[in-house]
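*Asks:* Sequence isn't available, so here's the structure alone:
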């Protein structure tokens, strides 16, 4: 079945440093989504990318969708302590199934002040 | 975005017992989804709950272990049956337009 791999598993940064997490799918995705889960919290939707090569920005966060629609990345510029949490990418399970998602393993971000 | 509540927020249960988790949404939705997040792990889809039809289970999950009800368009329950310590997880329901999902706060289950 479809697999979504995410690296790194952990990332420790000093406040102000940049952070990037990468996501790779075993199959072509119709879209990819990114979620953030704060410690003790639930996943919160950040963004959805749909188009090949798409780049979207949310303040200090930059999301990219690969040309082949099999990989994606999330880059955070100048991290802050509020960025702490686990970042997950997720693709539609089975390719197009509405609302059914396959999640990557997540990247746990720690920001040291 | 939808406002989702879950009950209970956490529970500690003995092995062999069952727990029913409730999920309430503030608007009518066609599909609701149940996910499991084992300690320190990612999210795994358990099943899709449609109103008026049987739930659809993902590979590795069966109705006898995780029976689901969907009596109306704003509510669903997930029961974790005959629990073992391996069922200790966070159970989350989700809803959403198209492919973006909004998650409930989760139910943290510990089985002793």
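*Replies:* Received, thanks. If you're wondering where the values come from, they're calculated on a predicted model, not measured in any experiment.

*Asks:* Tell me the strands beside the helix or strand of chain A with the lowest mean pLDDT, with direction?
*Replies:* Every helix and strand in chain A was compared by mean pLDDT, DSSP states H and E; the lowest is strand A:101-103, with a mean of 92. The sheet places strand A:101-103 alongside strand A:85-92 (antiparallel), with pairing taken from DSSP bridges.

*Asks:* Figure out how far the strand it pairs with is from the centre of its chain.
*Replies:* For strand A:85-92, the gap between its own C-alpha mean and the chain's C-alpha mean amounts to 5 Å (Cα atoms, centre = their mean, to the nearest Å).

*Asks:* Now do it, average pLDDT.
*Replies:* When pLDDT is averaged over strand A:85-92, the result is 95.

*Asks:* Can you name the next helix or strand after the least confident helix or strand of chain A?
*Replies:* strand A:107-112 (DSSP states H and E).

*Asks:* What helices and strands are in contact with that following strand?
*Replies:* For strand A:107-112, the contact count by 3 or more Cβ pairs under 8 Å, 6 or more residues apart in numbering or on different chains; DSSP states H and E identifies strand A:10-14, strand A:19-25, strand A:85-92 as packing neighbours. All C-beta atoms are positioned from the backbone trio N, CA, C, and that covers glycine.

*Asks:* how about the residues of chain A near chain B?
*Replies:* A:1, A:30-31, A:33, A:35, A:41-45, A:48, A:88, A:90, A:92-93, A:98-106 (Cβ under 8 Å from any Cβ of the partner chain).

*Asks:* again, only this time at 7 Å
*Replies:* Near chain B, the residues belonging to chain A are A:31, A:33, A:42-43, A:45, A:48, A:88, A:92-93, A:98-101, A:103-106 when assessed by Cβ under 7 Å from any Cβ of the partner chain.

*Asks:* can you pull the pLDDT of residue A:53?
*Replies:* In this prediction, residue A:53 carries a pLDDT score of 97.

*Asks:* What's opposite residue B:47 in the beta bridge?
*Replies:* In beta-bridge terms (that is, DSSP bridges), residue B:47 pairs with residue B:34, residue B:57.

*Asks:* List the residues that contact residue B:56.
*Replies:* With Cβ atoms under 7 Å, 6 or more residues apart in numbering or on different chains as the criterion, the residues that contact residue B:56 are B:47-48.

*Asks:* what does residue A:22 give?
*Replies:* A:6-7, A:71, A:73.

*Asks:* do residue A:106 as well
*Replies:* Residue A:106 is in contact with A:6, A:86-88, B:42, counting by Cβ under 7 Å, 6+ apart.
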